[in-house]
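K.L.:
Generate a structure from the sequence data that follows.
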Amino acid sequence: MYKIFFFIIIIIIFLQSPPRIQSQIIPRNISIFILAGQSNMAGRGGVYNDTVTNTTVWDGVVPPECRSNPSILRLTAKLEWKEAEEPLHVDIDVNKTNGIGPGMSFANRVVNRFGQVGLVPCSIGGTKLSQWQKGKFLYEETVRRAKAAVASGGGSYRAVLWYQGESDTVDMVDASVYKKRLVKFFNDLRSDLHEPNLPIIQVALATGAGPYLEAVRKAQLETEIENVHCVDAMGLPLEPDGLHLTTSSQVRLGQMMVDAYLAIPNSAQPPLYLPFLSLLCSLSYFYNILERFL
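P.N.:
The predicted structure is shown next:
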């Protein structure tokens, strides 16, 4: 009789205080988002020129929207999963000083829908779209890292977050063929990841390094590929260099990309296994408590 009474009390406590599932270093069934492009995707929010040392440094300020979460992981340069923290591209874009980008702001808005999010940083500052074509190092490295992310945790690709093009505004030829190269890049990436309809959230440039900004923006806004969605960064506040988004702008951009992603039908549907997985975790947790007392 005592055991039955105690059993009921445990059930009541369990229902009122559901277990908190910790993220794992080796994740299972993780929802993967690939971050690719150049400096504004890598993140330059809070990066400034230190006049004393004449070097660029990051101010170290992490806004609440970009704080770490045990359920948000990052694939390191060594292809290891670790809890994500800013700057996300610190070991990827190694020749530049990295700060706040849109990745963590995005991840913190979607993590509750998926249970566990895996970010795969691949961005390199100052790169042209020609360097992201199939066969080139940046393209092949992105595919390699993306495949490793899935293989290491049995996860699934959810979307590519793409922000690139400032370097292509310098040369007229680069700007004139930008759309052709962009379409090829998106199609090749989907093909090599075996995801023909993988959602791609791309950013239309806020600034450019050269005079052909409008030509590149036009190509981005008129890509005309199914399930490629564009958010416009034009008008977001910039750092003093006039080229990179501020920290607050990066936070806002991440939220804009979330809005675009969630507007895709069924994009935020958790995988069918998640409710079952959650139930198994809960039952295991409950069983361990009972075993302790009974």
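K.L.:
give me the low-pLDDT residue ranges for the chain?
P.N.:
Scanning the chain for pLDDT under 70 picks out 1-26, 153, 268-294.
K.L.:
how about the helices in it?
P.N.:
Under the criterion DSSP state H, the chain carries helices at the ranges 2-16, 39-42, 103-114, 137-153, 172-176, 178-192, 213-221, 247-262, 273-293.
K.L.:
Let me see the residues that make contact with the shortest one.
P.N.:
Pointing back at helix 39-42 there. Applying CB atoms under 8 Å, 6 or more residues apart in numbering, the set of residues contacting helix 39-42 from outside is 35, 87-89, 92-93, 96, 98, 101-103, 121, 123-126, 161-164, 166, 203, 206, 233, 243-245, 250. Any C-beta I mention is one placed from the backbone N, CA and C, and that applies to glycine too.
K.L.:
Same check on stretch 43-51?
P.N.:
With contacts defined as CB under 8 Å, 6+ apart, stretch 43-51 is touched by 55-61, 86-89, 97-103, 125, 239-240, 244-251.
K.L.:
From those, list just the buried residues.
P.N.:
Restricting the contacts of stretch 43-51 to buried positions leaves 58, 86-89, 97-103, 125, 239, 244-247, 249-251, with burial counted as 16 or more other CB atoms under 10 Å.
K.L.:
Isn't Pro102 up against Leu161?
P.N.:
Yes - counting by CB atoms under 8 Å, Pro102 touches Leu161, with 7.0 Å between them.
K.L.:
the strands in the stretch 1-150 of the chain, which residues?
P.N.:
According to DSSP state E, counting those that start in this stretch, the stretch 1-150 of the chain carries its strands in the segments 31-37, 47-50, 55-58, 72-75, 81-83, 117-121.
K.L.:
Please identify which of the ones you listed is closest to Glu226.
P.N.:
Within the strands of the stretch 1-150 of the chain, the stretch nearest Glu226 is strand 31-37; the backing value is 18.2 Å (CB to CB).
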